[in-house]
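>>> give me the fold of what follows.
(chains A and B)
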Amino acid sequence: MNGKSHIAQFLMLGAVLCLGILFLQPLWKITLEAAQFPGGLDLYIWINKISGNDKHIIQNINILNHYIGMKPIHPDAIPELRYFPWVVIGMMAFGLICIGVNRPWFYLSWVLVMIGLGALGIYDFYLWLYDYGHNLDPNAPIKIANMNYMPPLFGEKDLLNFYVRSYPNWGGVFLGLAILLGAGAFYLKGKRVYV
Amino acid sequence: MRTRKVNMIISLVTIMGGMALVVACGQRNATTVIEGDAAEQVYIAPGEYDEFYAFLSGGFSGQITVYGLPSGRLLREVPVFSQYPENGYGYSEESKPMFNTSYGFVPWDDSHHIELSQQNGEFDGRWLFVNGNNTPRIARVDLSTFETVEILEIPDVAGLHCAPFITENSEYLVSGTRFSIPIPQKDVPIDTYKENFKGLINYVSLDQDHGTMELAFQIEMPGFNYDLARNGKAVSHGWSFLTTYNSEQAHSLLEVNASQKDKDLMAIINWKKAEEYVAAGKFTERPTSYYHNLMDESTGIAHSQEMKMTRILKPEDCPEMVYFIPVPKSPHGCDVDPSGEYIVGNGKLSADMSVYSFSKIMKAIEEKNFDGEIEGIPVINYDAGLHGILQKPGLGPLHTEFDEGGNAYTTFFISSEVVKWNVDNLEILDREATFYSPGHLVIPGGETRKPEGKYLVAMNKITKDRYLPTGPELAHSAQLFDISGDKMKLLLDFPTKGEPHYAQAIRADKVKPNSKKFYNIEENAHPYATLGESKTKVVREGDEVHVYMTAMRSHLAPDNIEGFKVGDKVFFHVTNLEQDWDVPHGFAIQGATNAELLVMPGQTKTLLWEPKKVGVYAFYCTDFCSALHQEMSGYARVSAKGADVPLKWGLNETLRENQEQAEKFYEQLENKSK
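Next comes the predicted model:
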């Protein structure tokens, strides 16, 4: 065993630490821009909460959303925010096990599970956005035929008087990086074995 | 015969016109004074901010107005001493105690002099103080909210004109009485003025953390009229300078009888010495009555406290505390230059201006170079304290401010001009006509150790021909000058509210970053706050009914209330649940005999409504808040006195639920009482 053989373990450790960043940085950022809101309203989606650029953003967005009959955002009512953190912690533990075992197929399965969970997470996020944007109160004061208010999953879009931008934030970037590092660990370890 | 008469009139008019020309030498045609780029200099492009806030007192409006400089745009009117229906100040139950005085509820005053708080002789942008002249009071405005948060009455004075001048670390607000009166008040003939009338100079101390005012002590002075003051700074820190007029001690037809002597007096007070005497117990405690009204930050409710004792220092018991020095006839301003060394005493009926030297005054005191004394107060030899005389600068000098380059700028009321002169060598450098009869002027920081001599605003008493006419009454005019060069340049006229007597201007970046955007609803400790729509309710306590109401875009909750009766006292406690900048909600109800409420985000305010007639009355939000603002309304049903209509309230379907709850509540109450 020489120093080089530990690189895969270091990469995996990096991946685990990257997952840890999810508790420090938001995954996603949705910005609502309108004339009456100089500087825009920023909504941050975290692994365990929803926040804004000030603490009253959700209340203010809810006040605006009620005109079009959108359901109010209640972070307490989104169960994913409660169990996703445990999924991440589980994956961090799994990552540590991978480092201990240091086998390519362990790394591979970690990466595949991560990709699977990431895809599910994004699909889940999409479902929530779809539900908020389409499931409108029929008694809403403002009704526009054929209009839905679903923010873009990724990208930018006009929604009535708002221009909405939706992009990954640092947490999302580090989630992607974690997968890449895990894949790197698998690649390095696999290369030593099979090549 | 007739032509001779006409000729005589013409020649008289010509002579008078000629005299006016001599008097107003240098006055130019009112329409041709603007030079090329003035408009560009005052233009603030959309989306940009002014460089300075200017706070102008509102004179007989009792308020303060806030303007941006150099644009001259009115940014806000801050209600202080007068009820203000626009936002319910002085009408809402929370703010009514602000007007409590020893004379009862006094909802008007005459606001004169603006003072910004200072640290090390510089404005710090925390608080702003202003005096009420008529029912003597001092108010404090918090510059994070631009709201009046405190009013302190000053006892046993009349016409608190000489107020509230601040010391360089905001230790005190020095405030002298304009009129002397019997102390304590008593029923005496007015012609016993000389025997019975006294003037008080008051030192109000400030709590350095909260700005809270306290009447620290009063100095009993001879019965003169105390007009304006300034405190020393830098080398002269620890001293106050106050001009007096009517050293003749006349009590009738003052325009003649108080204008006899060639010289009046300037009072010079060593307030550090006064502090020592207070600490040593050299004061007399005297029973009196005055009110201290303070707004509680967490509830937004003002509370009044009657104070019953004051501490008086008498100069004859406290040597080396007070001096006089002669000052030219009927002085007004009394202004200390940024170095603290020179004090300008303007004799408003004198053709010359006396400039005093602080170090020479100190030397004269040390050498006891006195010309007698008045009621135990030494009078310093005039020449010994004089730095020099500014010869014939103009007519009617009123007020002087300074730039950072050793220059002074004085308004001349009679000759309608601003004159720039050098303080050190007493040389006149420039003069600019004003339109017309300026009182005070302001340079940002012009009274501090750090003036910013970029702009000067002259506040004019007369406005004829400057704006489109509006009947007999015209807005008083302010005029903005560029003073950054050698010569002053007129840039702008702008109308003002009331009669601004005084102003101070501060760099915007000292105030703007601290501006509050809304009140945190978590910190709302108002006893009738409703922190959430589900907590709205209506509670009857005998003839009093308390409505716990919330406001948010775009409805009031509850919006239907039944069960009011003629003769009830209905208190609408409206909580604005918003937590967003610039989203106040208003509340008005038909038949209210007071005003509306304007409730800031996170605040609770209370309107008292006493329904007089049976019927259904509409209430609504007055401040346009959303696309559905017009729909933000509701009804109050009023039944006859003694009618059998149960109290019920609600918003949409919750009306019925609340009604059931209310019925249960009253059943329980009845069962209990049985």
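>>> once you drop chain neighbours, what's closest to whichever residue of the stretch 301-450 of chain B sits closest to chain A?
Here the residue of the stretch 301-450 of chain B nearest chain A is B:I301; by Cβ to the nearest Cβ that distance is 23.9 Å. To be clear about C-beta, it is placed using only N, CA and C from the backbone, and glycine gets the same treatment. Excluding its sequence neighbours, the residue lying closest to B:I301 (Cβ to Cβ, 6 or more residues apart in numbering or on different chains) is B:E94, at 4.6 Å.
>>> over to B:P222?
Using Cβ to Cβ, 6+ apart, the closest residue to B:P222 is B:E375 (4.8 Å).
>>> hang on, the earlier thing: do you know how far the residue of the stretch 301-450 of chain B closest to chain A is from B:H292?
Distance of B:I301 to B:H292, computed by Cβ to Cβ, to the nearest Å: 15 Å.
>>> equivalent analysis for B:C318, please.
B:C318 is 26 Å from B:H292, by Cβ to Cβ.
>>> pretty sure B:T530 is touching B:K605, no?
No: here B:T530 lies out of contact with B:K605, judged by Cβ atoms under 8 Å, at a distance of 11.9 Å.
>>> low pLDDT regions in chain A?
Filtered on pLDDT under 70, chain A yields the residue ranges A:1-4, A:192-195.
>>> repeat that for chain B.
Looking at chain B by pLDDT under 70, you get B:1-35, B:653-663, B:665-666, B:669, B:673-674.
>>> got the residues of it near chain A?
Contacts of chain B with chain A, taken as Cβ under 8 Å from any Cβ of the partner chain, map to B:M552, B:R553, B:E578, B:Q579, B:D580, B:S626, B:A627, B:L628, B:E631.
>>> let's see 10 Å
B:47, B:517-518, B:520-522, B:552-555, B:577-583, B:601-602, B:626-628, B:631 (Cβ under 10 Å from any Cβ of the partner chain).
>>> the closest residue to chain B within chain A: neighbouring residues, count only.
When scored by Cβ to the nearest Cβ, chain A has A:H56 as its residue closest to chain B, at 3.6 Å. For A:H56, the neighbour count with other Cβ atoms under 10 Å in any protein chain shown is 20.
>>> next, it: phi, psi?
phi -100, psi 10 (degrees, to the nearest 10).
>>> got it, and B:I365?
In terms of degrees, to the nearest 10, the main-chain angles of B:I365 are phi -70, psi -40.
>>> so it makes contact with B:N270?
Yes: the pair B:I365 / B:N270 is scored as a contact, 9.1 Å apart, by Cβ atoms under 10 Å.
>>> find the residues that touch each one of these two.
Residues touching both B:I365 and B:N270 (Cβ atoms under 10 Å, 6 or more residues apart in numbering or on different chains) are B:E320, B:Y323.
>>> helices or strands next to the strand ranked longest in chain A in the packing?
Looking across chain A with DSSP state E, the single longest strand is strand A:37-45. Applying 3 or more Cβ pairs under 10 Å, 6 or more residues apart in numbering or on different chains; DSSP states H and E, one finds that strand A:37-45 contacts strand A:28-34, strand A:50-52, helix A:57-65, helix A:104-134, strand A:162-168, helix A:170-194.
>>> please name the nearest non-neighbouring residue to the most centrally placed residue in chain A.
Centroid-nearest residue in chain A: A:L27, 4.0 Å away (criterion: Cα atoms, centre = their mean). Counting by Cβ to Cβ, 6+ apart, A:L27 lies nearest to A:G171, which is 4.0 Å off, once chain neighbours are set aside.
>>> now swap in B:P444 and tell me
Using Cβ to Cβ, 6+ apart, the nearest residue to B:P444 is B:A505, at 4.0 Å.
>>> quick one: neighbours of the one you found, just the number.
Number of residues near B:A505 (other Cβ under 10 Å) recorded here: 27.
>>> which residues touch it?
B:51-56, B:67-69, B:114, B:116, B:123, B:442-446, B:452, B:454-457.
>>> next one: A:R103
Per Cβ under 10 Å, 6+ apart, neighbours of A:R103: A:A8, A:S109, A:F186, A:K189, A:G190, A:V193.
>>> repeat that for B:G602.
Per Cβ under 10 Å, 6+ apart, neighbours of B:G602: A:56, B:300, B:516-524, B:529, B:531, B:575-580.
>>> same thing with B:E306?
B:N100, B:T101, B:S102, B:E153, B:S289, B:Y290, B:Y291, B:H292.
>>> residues contacting B:T622?
B:86-88, B:584-588, B:596-598, B:629, B:632.
>>> Serialize those to CSV and add fields for secondary structure and neighbour count.
As requested, the contacts of B:T622 are exported to CSV (DSSP: H, G, I helix; E, B strand; the rest coil; neighbours: other Cβ atoms under 10 Å in any protein chain shown):
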residue, secondary structure, neighbour count
B:E86, coil, 13
B:N87, coil, 23
B:G88, coil, 27
B:P584, coil, 19
B:H585, strand, 29
B:G586, strand, 22
B:F587, strand, 26
B:A588, strand, 19
B:E596, coil, 23
B:L597, strand, 33
B:L598, strand, 24
B:H629, helix, 17
B:M632, coil, 24
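>>> and the nearest residue to B:P107 once chain neighbours are set aside, how close does it get to B:L143?
Counting by Cβ to Cβ, 6+ apart, the nearest residue to B:P107 once its immediate chain neighbours are dropped is B:Q83, at 4.4 Å. Applying Cβ to Cβ, the value for B:Q83 to B:L143 is 22 Å.
>>> can you tell me the residue of chain B closest to chain A?
Counting by Cβ to the nearest Cβ, chain B gets nearest chain A through B:Q579, at 3.6 Å.
>>> what's that residue in contact with, if anything?
A:54-57, A:59-60, A:63, B:517-522, B:552, B:601-602.
>>> mind running it again at 6 Å?
Applying Cβ atoms under 6 Å, 6 or more residues apart in numbering or on different chains, we find B:Q579 in contact with A:H56, A:Q59, B:F518, B:P601.
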